[in-house]
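Asks: here is a sequence together with a model predicted from it:
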Amino acid sequence: MSKKQEQVSVFIMGKKFMVPAASTIMSALEYSGFQLKRGVGCREGFCGACATVYRLKDDFKIRTGLACQTVVQEGMLIAQIPFVPAVKPVYDISKLEPTITIFKQLYPETFRCLGCNTCSKACPQDIRVMDYINAVERGDLAKAAELSYDCIRCGMCALRCPAEIGQFNVAILAQRLYGSCLAPKSKEMIERVEQIRKGQFNEEMAAIKATDKAALKKMYYERDIEPGESV
Ligand code: SF4
Ligand code: SF4
Ligand code: FES
């Protein structure tokens, strides 16, 4: 029997199902008749919507993974979580300074980090989560923004954190402050924004909006591509 046809048993919310061995947790859920309305988005590992906790057979550890990327295993016990609750204060980014004080006010729990590194181990993106939290604690927002760049906000780091830090929200603030206050400004971008404001591209934009989908696709794939840019 080929790998594709092999079946394994999994337990979804405690109930046993037989599913193809090559399934991801997400396709196993659907194969078993579950209709996913929450906890599903891009299906490609980018949106972070499908955080799942699971255990492996005869293994005590609670593991975390993206349902759309994690392949099932014989005896796997699966539970989906609709979202990960995390502190998320409201702020006006234009009124904030890129200082440690802001994080102490908005996310004081950040400074309770125990250095256990559980968050990094839970991250499906292999992000050094503890390191970006520690960078925030030092006030190094450039480092925090750089290290957290690939975060997809799945929440699995927060789920496992004994200090109850919502790392992904802390990361967003670091990225926003770095981007708005600290990152070097691009001269070209400032010029282009000015041109847009003056309406220099209005006509071209109107023509694009009036173009049908097939023609738009053709334009897209036939555009000038700079070396190193992917299609
Ligand atoms: S840093 Fe946290 S929220 Fe971001 S991808 Fe990693 S586990 Fe998910
Ligand atoms: S899991 Fe929480 S306490 Fe542990 S290193 Fe990560 S942020 Fe710090
Ligand atoms: S559905 Fe988007 S990351 Fe899994």
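Replies: Now that the structure is in, tell me what you want to look at. Numbering: from 1, shown residues only. Ligands and ions are numbered 1, 2, ... in the order given.

Asks: burial count for the residue nearest to residue 28 when sequence neighbours are not counted?
Replies: With sequence-adjacent residues excluded and distances taken as C-beta to C-beta, 6 or more residues apart in numbering, residue 28 is closest to residue 19, at 4.1 Å. Where C-beta positions appear, they are placed from N, C-alpha and C, glycine not excepted. Neighbour count of residue 19, defined by other C-beta atoms under 10 Å: 21.

Asks: three-state assignment of residue 19?
Replies: Counting by DSSP: H, G, I helix; E, B strand; the rest coil, the backbone at residue 19 sits in strand.

Asks: who's in contact with it?
Replies: Listed by C-beta atoms under 8 Å, 6 or more residues apart in numbering, the contact partners of residue 19 are 7-10, 27-28, 31-32, 72.

Asks: repeat the analysis, applying 6 Å as the threshold.
Replies: Shown in contact with residue 19 (C-beta atoms under 6 Å, 6 or more residues apart in numbering): 10, 28, 31.

Asks: and the gap between the nearest residue to residue 163 once chain neighbours are set aside and residue 84?
Replies: Using C-beta to C-beta, 6+ apart and skipping the chain neighbours, the partner closest in space to residue 163 is residue 112 (4.2 Å). Using C-beta to C-beta, to the nearest Å, we find residue 112 at a distance of 18 Å from residue 84.

Asks: Provide the secondary structure category for the spatially most central residue of the chain.
Replies: In the chain, the centroid-proximal residue (C-alpha atoms, centre = their mean) is residue 152; its distance is 0.7 Å. Following three-state DSSP, we place residue 152 in the coil state.

Asks: that one and residue 48 touch, don't they?
Replies: Yes: counting by C-beta atoms under 6 Å, residue 48 is a contact partner of residue 152 at 3.5 Å.

Asks: how about the host helix or strand of residue 206: buried residues?
Replies: Here residue 206 sits within helix 202-209, counting by DSSP states H and E. Using 16 or more other C-beta atoms under 10 Å as the test for burial, helix 202-209 gives no buried residues.
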